[in-house]
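Undergrad: Sequence isn't available, so here's the structure alone:
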């Protein structure tokens, strides 16, 4: 079995799709080098991505069933469309994999019928909530997403809410496989290092100092617990203004000693949010944080708040869970489905309820939260199983598809 993955998110993102793609690659390689199942024991992987990256170089040294190809992007008008629709398909046809996986919505395109197509859909927010996205993203999704869904042999998504959205959006011959996300295994148990009350964390962000958006953030910030934490992309869909407003009111009404830490990469249309945060005393913007800093932020937080208006899954609360951090989540999109038994929930428009939940958690003594935490090992295992099954499935004749739609 030969699986080809279009791995651009490893090179061009730092947010959720990057994390998903990276974890999937690492776990798939690990599993296919340890499994004894004869049917999937011999699995080769090829990864196509856009620039040189030590991540792939290290994997090539470690795994014999690994290869990668760089097809560069160019800052030439029309070149990236040429890359997606002609250059990548040309390389794929030469390699002749059994299946191609696009881990981020748009693709794969222009492949012969004997090569199966798989696509991961994280959410349909560019279609459902275009006002939260830049115009380029919404146009691309409107032009190409239906084609990607209709051409796919299997669609992988993380929640039943996403599946429902996909089926409402278009008809497709593809099987839609719901595979929830999980957390990668850690060699050191993360709950053993819960912050002491007087612990100090310094965020330096050397990786972000030359980032074009880095000037928006406070650098070299010292964080003293107690603090409330949000960690994720900073953009309007994340509904951070209601969290800042709730924080301002609690500071005034309840005199809480906490700061509010809003950490993460800047997304689109974030200028207003950033300005409001910078103008609010007690709000700290450390910017992008690396994995070590992220762990310490989760451990030191009194509570983790995820107020998003809509999510296809919502991975950051799951990350916070592994550090025993109490959760407050909105019910936007799939968050209610994923966190109904794991977090205190509130309607994303209900600031009053959010304030009540914050007071409840901030007045409690922090203790380890014993929630079962899904593993990304299972996510990858189910993904590999879905890809393998798709490869072995014969295509459905077009006449049968039409008959089933009647």
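TA: It's in. In this text, all values refer to a predicted model and were calculated from it rather than measured experimentally. Residues are numbered from 1 along each chain as shown.

Undergrad: Run the chain-centre distance for stretch 114-127.
TA: Put simply, stretch 114-127 sits 14 Å off its chain's centre (Cα atoms, centre = their mean, to the nearest Å).

Undergrad: and if you look at stretch 160-171?
TA: That offset, for stretch 160-171, works out to 19 Å (Cα atoms, centre = their mean).

Undergrad: buried set for that stretch?
TA: By neighbour count on 16 or more other Cβ atoms under 10 Å, the buried set for stretch 160-171 is 161, 162, 163, 165, 166. C-beta: built from backbone N, CA, C; applies to glycine.

Undergrad: Out of those residues, which comes closest to residue 149?
TA: Closest to residue 149 out of these is residue 166 (6.6 Å), distances taken as Cβ to Cβ.

Undergrad: if we can go back for a sec, and the buried residues of stretch 160-171, which is closest to residue 155?
TA: Of all the buried residues of stretch 160-171, residue 166 has the smallest distance to residue 155: 6.5 Å, by Cβ to Cβ.

Undergrad: What ranges does the stretch 101-250 of the chain have for its strands?
TA: Taking DSSP state E, counting those that start in this stretch, the strands of the stretch 101-250 of the chain run over residues 116-121, 154-157, 175-178, 201-203, 221-223, 227-231.

Undergrad: any idea which of those scores lowest on pLDDT?
TA: Among these, strand 201-203 has the lowest mean pLDDT, at a mean of 50.

Undergrad: chain center to stretch 297-316: distance?
TA: 12 Å.

Undergrad: neighbours of the spatially closest residue to residue 343 that is not a sequence neighbour, just the number please.
TA: In space, residue 343 comes closest to residue 327 once its chain neighbours are excluded; the distance is 3.6 Å by Cβ to Cβ, 6 or more residues apart in numbering. Using other Cβ atoms under 10 Å, residue 327 is surrounded by 22 other residues.

Undergrad: same question, residue 159
TA: 23.

Undergrad: can you pull the contacts of the closest residue to it other than its chain neighbours?
TA: Nearest-residue entry for residue 159: residue 334, 3.7 Å, with adjacent residues in sequence omitted and distances by Cβ to Cβ, 6+ apart. By Cβ atoms under 8 Å, 6 or more residues apart in numbering, residue 334 lies in contact with 123, 158, 159, 160, 161, 162, 311, 312, 313, 314.

Undergrad: hmm, try it at 10 Å
TA: 123, 157-165, 180, 310-314 (Cβ atoms under 10 Å, 6 or more residues apart in numbering).

Undergrad: Check residue 306 too.
TA: Here residue 306 is in contact with 229-232, 238-239, 243, 314-318, 320, 327-330, 332, 335, 339, 343, 348 (Cβ under 10 Å, 6+ apart).

Undergrad: farthest-separated two in the contacts of residue 334?
TA: Largest separation among the contacts of residue 334 by Cβ to Cβ: 180 and 310, giving 17.4 Å.

Undergrad: Which one of those two is surrounded by more residues?
TA: Neighbours per residue (other Cβ under 10 Å) separate residue 180 from residue 310, with residue 310 holding more: 22 against 18.

Undergrad: Spell out the residue ranges of the helices in the stretch 201-350 of the chain.
TA: Taking DSSP state H, counting those that start in this stretch to define them, one finds helices in the stretch 201-350 of the chain at 240-253, 271-278, 291-300, 315-321, 335-339.
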